[in-house]
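In: here's my sequence, what's the structure:
(one chain, ligands or ions: 1)
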Amino acid sequence: MSDQTHDTAAQTPDGYLRFLQQRRAEILGRVREAAARAGRSADEVGAIAVSKTVDVPAVRLAWQAGWHSFGENRPQELKRKVTGCAAYPEMADVRFHMIGNLQTNKINQVLESEPVLVHSVSSLHLAAAISKRADARGITVPALLEVNVSGEESKSGFSPDEARESVEDVLSLPGLDLRGLMTMAPAGDPDMARRTFSGLRELAEDLRMRTGLALDVLSCGMSDDFPIAVEEGSTLLRLGRVVFDPGHRLV
Ligand SMILES: *Cc1c(COP(=O)(O)O)cnc(C)c1O
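Out: Here you go, the predicted structure:
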C-alpha cells in the first residue's frame, strides 16, 4: 500500500482506527525487541500517547486501539481533553499526564484536571508552587523532576547537579510525591540521545542512594528515539507522532 492510500484510508474513522491499531502493535513490537536487546522485560516499559496534536475523537479512537494513558503539554488543552473524554462512559479508565512546561499561574488549572503524573517539574520554584497549591487542596501530586541532561540552552529543567542539590528540598515539600525523573533528548542525534538517557538513569541511581526512595519512573523516549530509550532504561515512553500520524515513519 502506498502512503497515499494509507492517508486516504486514515481519513475515515474506521480507517484511522485500523491505522492506530496496527501502529500500536508495531510500536509494542519495537519495544519488545529493544527490551530484549537490553536484557529487560518489556513489562517494565510503559508508554503514554501524546495527544497534543489531535482532538477528542482521535483520542477516543486511540483508546479503542488500546492506548489508555495520554499526555498533554498545555494546561488548557489538558482540561479540554479530560472534559471531552469524560463524556464517554466507556472511557472511564482513561488517564492523562501533564508533560509540558508549566507556569505557576496555570498550576490550579492543571490540578483541577487531576493528572496521574506531572512530568515537568523543572525547578525548585515550580515544585514549591505546586506543593503550596496541592497542599491547599488537600491532595498529593505524583511528579517527576525534569532534568536537562544534555545541557542544551533551549531546554528547561534541573541540571543533574541542581537535581542532586535540590532533591532533599523537593522531598520536604508537602503535597508532592516524587516518583522519578524525566528528560528530553536533542533531536536527530542517536548517540546524544543514548548518552542523555543513560545519564538520566545514572542520575536516578545516584538520587536513590542519596534518598533511599524508589524513584523508579524514568520518563524518556519519544517518536524518533524510543527504542534507544528502552535500551537505556526508560520505564515510560511519551509517544506522539508515531502513534497518531500515518505520515510518521517508525524508527
Ligand atoms: C510532543 C511531546 C512529546 C511527543 O513527541 P513526539 O516526537 O511526537 O513523539 C513527548 N514529550 C513532550 C514533553 C512533548 O511535548
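
In: would you map the strands across the stretch 151-251 of the chain?
Out: Assigned by DSSP state E, counting those that start in this stretch, the strands in the stretch 151-251 of the chain fall at 176-182, 217-219, 236-239.

In: what's the answer for the stretch 1-150 of the chain, then?
Out: Under DSSP E, counting those that start in this stretch, the stretch 1-150 of the chain gives strands at 46-50, 69-72, 95-98, 117-121, 141-146.

In: can you spell out which helices and strands pack onto the last one?
Out: In terms of contacts (3 or more C-beta pairs under 8 Å, 6 or more residues apart in numbering; DSSP states H and E), strand 141-146 is packed against strand 117-121, helix 124-137, helix 160-171, strand 176-182. Glycine gets a C-beta too; all of them are placed from N, C-alpha and C.

In: and that strand, which strands flank it?
Out: With DSSP bridges as the test, strand 141-146 is paired with strand 117-121 (parallel), strand 176-182 (parallel).

In: interface residues of the protein facing the ligand?
Out: 50, 52, 73, 99-100, 222-224, 238-242 (C-beta under 6 Å from any ligand atom).

In: count of residues packed around residue 50?
Out: Neighbourhood size, residue 50 [other C-beta atoms under 10 Å]: 24.

In: oh, I was asking about residue 34
Out: Neighbour count for residue 34, taken as other C-beta under 10 Å: 21.

In: could I get the residues of the chain next to the ligand as a markdown table with pLDDT and distance to residue 66?
Out: Formatted as a markdown table, the residues of the chain next to the ligand follow (pLDDT from 0 to 100; distance: C-beta to C-beta, whole Å):
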| residue | pLDDT | distance to residue 66 |
| --- | --- | --- |
| 50 | 98 | 15 |
| 52 | 98 | 19 |
| 73 | 97 | 22 |
| 99 | 98 | 20 |
| 100 | 96 | 24 |
| 222 | 98 | 19 |
| 223 | 98 | 17 |
| 224 | 97 | 22 |
| 238 | 98 | 17 |
| 239 | 98 | 13 |
| 240 | 98 | 16 |
| 241 | 98 | 18 |
| 242 | 98 | 14 |
